[in-house]
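>>> Fold the following for me, if possible:
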Amino acid sequence: MALQIEELKLSNAYGKVFCEPGWRWNTVGRPFEDFDLWYVWSGEGDLILNGVRGPVSAGSCYLFRPGDETVGRHDPESPLTVSFIHFQMPHSLAGCYPSFHQIKDRLTFETYLTRYARSLMEKQSRSETEALHLLFLLLLQFADEGTSETDTGLNENQELLSIIHESAGYIRQFPGMKHTVASLAERARLSERYFSRKFRAIMGRTLEAYVINMKIERAEHLLRYYGMNVSEVADALDYGSVYYFSRQFKQYRGIAPSELRKR
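Residues are numbered from 1 along each chain as shown. Purely as a prediction, here's the structure:
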């Protein structure tokens, strides 16, 4: 029995949270009343779900169900950053989904999460429809990856795919950092030449082109929705000068950043 989009009901409880070093989470005696898709962007800790303990780290994803009870904590020196989406669906479909899965294609999953929150915050006429489809895609990936891993396990190609997608997600999350082949290859524990070649093969563009695209995408978001001026955006994304930022933005978007801000 497959889930249909129209069976999903959204909630106002959603967001992305940077947990404080002293963060603790305990819902024992106050079980969940709805479903909650809970995803870890970064950090390390552990979580007890209905008495069963498991470690959590970047990519860990839980689907909490009505009646579930949790106890969570993290390493204060590596605090968790998490996204959560509360929603409702028929209880009869809960068995179609695992309770936990370590997401492999983090780039796609995190893109859906970011777009989900942005769509609802914009409060446009299409926002709820878009959010419903994004939630459906999140649940579909969560279920499909869990089933695939149970059936086949991770082979070397899947592991490499996960490494490259994680690196791409890291660039997307921190577009203002100075990302180089050397620093990212070291982080991925791969040689620079191999990392650069595989990044281009998997992502369909060079690392340099991807970094620029993420900077421009973030710049557009800051100009449109955060009220920052061109100089502030250039500084936030570590451009050497406002002139260089403006020239590159116009090259990729076809208009000057100052013109976009006026719209």
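
>>> Please count neighbours and contacts with C-alpha atoms only from this point.
Fine.

>>> How much space separates the residue most central in space within the chain from Phe84?
By CA atoms, centre = their mean, the mean C-alpha position of the chain lies nearest to Glu110, the distance being 2.2 Å. Glu110 sits 12 Å away from Phe84, going by CA to CA, to the nearest Å.

>>> before we move on, back to that, in a strand, that's where the residue nearest to the centre of the chain is, yeah?
No. Counting by DSSP: H, G, I helix; E, B strand; the rest coil, Glu110 is not part of a strand but helix.

>>> Show the contacting residues for it.
Gly169 (CA atoms under 8 Å, 6 or more residues apart in numbering).

>>> Make 48 the first number, not 1, from now on.
Understood, numbering begins at 48; the last thing we discussed is Glu157.

>>> what are the ranges of the helices in the stretch 98-247 of the chain?
153-169, 174-199, 203-220, 228-235, 239-250 (DSSP state H, counting those that start in this stretch).

>>> Domain-wise, how is the chain divided?
52-199, 202-310 (automatic domain parsing).

>>> With mean pLDDT as added columns, please give the ones you listed in a markdown table.
Converted to a markdown table, those look like this (pLDDT from 0 to 100):
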| stretch | mean pLDDT |
| --- | --- |
| domain 52-199 | 89 |
| domain 202-310 | 87 |
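
>>> and stretch 126-134, C-alpha only, in CSV?
The C-alpha trace of stretch 126-134 is given here as CSV (Å, rounded to 0.1, in the frame of the first residue of the first chain):
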residue,chain,number,x,y,z
PRO,A,126,26.9,19.8,18.8
LEU,A,127,24.1,18.6,16.6
THR,A,128,22.5,20.7,13.9
VAL,A,129,19.1,19.1,13.0
SER,A,130,16.1,19.6,10.8
PHE,A,131,12.6,18.4,11.8
ILE,A,132,9.3,18.2,10.0
HIS,A,133,6.1,17.3,11.9
PHE,A,134,3.3,16.0,9.7
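
>>> mind checking how far it is from the chain centre?
10 Å (CA atoms, centre = their mean, to the nearest Å).

>>> same question, stretch 70-81
23 Å.

>>> list the buried ones in that stretch?
Residues of stretch 70-81 classed as buried under the neighbour-count rule (16 or more other CA atoms under 10 Å) are 78-79, 81.

>>> And stretch 169-187, by the same measure?
174-175, 177-186.

>>> so which of those comes closest to Cys143?
Leu186 (10.0 Å; CA to CA).

>>> Help me confirm that Tyr144 comes into contact with Leu187.
No. Here Tyr144 lies out of contact with Leu187, judged by CA atoms under 8 Å, at a distance of 9.0 Å.

>>> got the CA coordinates for the longest strand anywhere in the chain in CSV?
Using DSSP state E to define each element, the chain has its longest strand at strand 56-65. This file holds the C-alpha atoms of strand 56-65, laid out as CSV (Å, rounded to 0.1, in the frame of the first residue of the first chain):
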residue,chain,number,x,y,z
LYS,A,56,-1.1,16.8,6.2
LEU,A,57,1.4,19.5,7.0
SER,A,58,2.2,21.0,10.4
ASN,A,59,3.5,24.4,11.5
ALA,A,60,6.2,22.6,13.4
TYR,A,61,9.3,22.5,11.2
GLY,A,62,12.7,24.0,11.1
LYS,A,63,16.5,23.7,11.3
VAL,A,64,18.0,24.0,14.8
PHE,A,65,21.6,24.5,15.9
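
>>> Which strands or helices does it pack on?
Using 3 or more CA pairs under 8 Å, 6 or more residues apart in numbering; DSSP states H and E as the contact test, the elements touching strand 56-65 are strand 128-135.
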